[in-house]
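[1] here is a sequence together with a model predicted from it:
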Amino acid sequence: MADLFNIRVLQHDTEDQIRISSAFPVDNLDQAEKGVIAGYEEDTAWCGGFKAACEKYYKRIAIVSADTLEVIRLIYSTNEKEG
């Protein structure tokens, strides 16, 4: 079994509001990313789903370290240098 580590989801919207989720433990980053995207897909179904919502409402969505807030995995970014 892999070691657990704590992550948060960072959401930076087009109006420069930054939201950071509560910490939660994961042992597989790929599964965590799929879960984050699935959650956004469900929450944003009203506007066309995850991709449409990202293009319209977000600058960046990332999985970050719960302790340091360092980006572990970038899920979406409008910044070509980041993505």
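    All right, it came through fine. Residues are numbered from 1 along each chain as shown.
[2] just how off-centre is stretch 72-81 within its chain?
    Mean C-alpha position of stretch 72-81 versus that of the full chain (C-alpha atoms, centre = their mean, to the nearest Å) differs by 10 Å.
[3] give me the mean pLDDT for that stretch.
    On average, the pLDDT along stretch 72-81 is 89.
[4] same question for stretch 27-35.
    Across stretch 27-35, pLDDT averages out at 96.
[5] and the contacts of that stretch?
    With contact meaning C-beta atoms under 8 Å, 6 or more residues apart in numbering, stretch 27-35 is reached by Met1, Ala2, Asp3, Leu4, Phe5, Ile7, Val26, Ile63, Ile72, Arg73, Ile75. Heads up, the C-betas are built off the backbone N, CA and C, glycines and all.
[6] out of these, which end up buried?
    By neighbour count, with 16 or more other C-beta atoms under 10 Å, the contacts of stretch 27-35 hold Ile7, Val26, Ile63, Ile72, Ile75 as buried.
[7] doesn't Val36 make contact with the third one?
    Going back to what we said before, that points to Ile63. Yes: judged on C-beta atoms under 8 Å, Ile63 makes contact with Val36 at a distance of 6.6 Å.
[8] ok, of the contacts of stretch 27-35, which one's closest to Asp13?
    Of all those, Asp13 sits closest to Ile75, with 13.9 Å by C-beta to C-beta.
[9] secondary structure class for that closest one?
    Following DSSP: H, G, I helix; E, B strand; the rest coil, the label given to Ile75 is strand.
[10] how near is it to Asp3?
    From Ile75 across to Asp3, the span is 22 Å (C-beta to C-beta, to the nearest Å).
[11] no further queries at this time; thank you.
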